[in-house]
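Enquirer: my questions concern the predicted model and sequence given below.
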Amino acid sequence: MNCLLIYDIPDDGLRTKIADFCLDYGLDRVQYSAFMGRLNSNHQEELMLKIEEKIGEAAARIDLFPICKQDWRARLSLNQGMEETILDRME
């Protein structure tokens, strides 16, 4: 299933580690604090547990949104003069 993971993490080192986790799970960075890709429900839960464990008591906000095909197709997007990203290739 397509997923969007976004975060707001004040600590630079922790933010970098969470980005690495996202990349390890095959997600692609689509903006500075946003990753997109395909994860089954088990991997979604696994990634969020790993992130929760790493964050501990630190200040952070992480949201993972599973996006069904119907909703993905209904999205509105404007990409003008920018490089194509994974978002442009996903269905």
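Expert: Thanks, I have the structure now.
Enquirer: run a quick neighbour tally on residue 1.
Expert: If you count neighbours by other CB atoms under 10 Å, residue 1 ends up with 14. Yep, even glycine has a C-beta here, placed from its N, CA and C like the rest.
Enquirer: ok, it touching residue 41?
Expert: Yes. Counting by CB atoms under 8 Å, residue 41 is a contact partner of residue 1 at 7.2 Å.
Enquirer: identify the contacts common to the two.
Expert: Here residue 1 and residue 41 have residue 66 as joint contacts, going by CB atoms under 8 Å, 6 or more residues apart in numbering.
Enquirer: give the buried residues for stretch 51-71.
Expert: Neighbour-count burial for stretch 51-71 flags 51, 55, 60, 62, 64, 67 (criterion: 16 or more other CB atoms under 10 Å).
Enquirer: try stretch 30-50
Expert: 30, 33, 34, 35, 36, 37, 39, 43, 44, 47, 48.
Enquirer: tell me the contacts of the fourth one?
Expert: I take that to be residue 35. 4, 5, 6, 19, 22, 23, 27, 28, 29.
Enquirer: nearest spatial neighbour of the third one, skipping sequence neighbours?
Expert: Distances taken as CB to CB, 6 or more residues apart in numbering place residue 34 nearest to residue 6, at 4.7 Å, with adjacent residues excluded.
Enquirer: which of the buried residues of stretch 30-50 scores worst on pLDDT?
Expert: Minimum pLDDT for these is recorded at residue 30 (88).
Enquirer: tell me the one of the buried residues of stretch 30-50 nearest residue 10?
Expert: residue 33 (11.3 Å; CB to CB).
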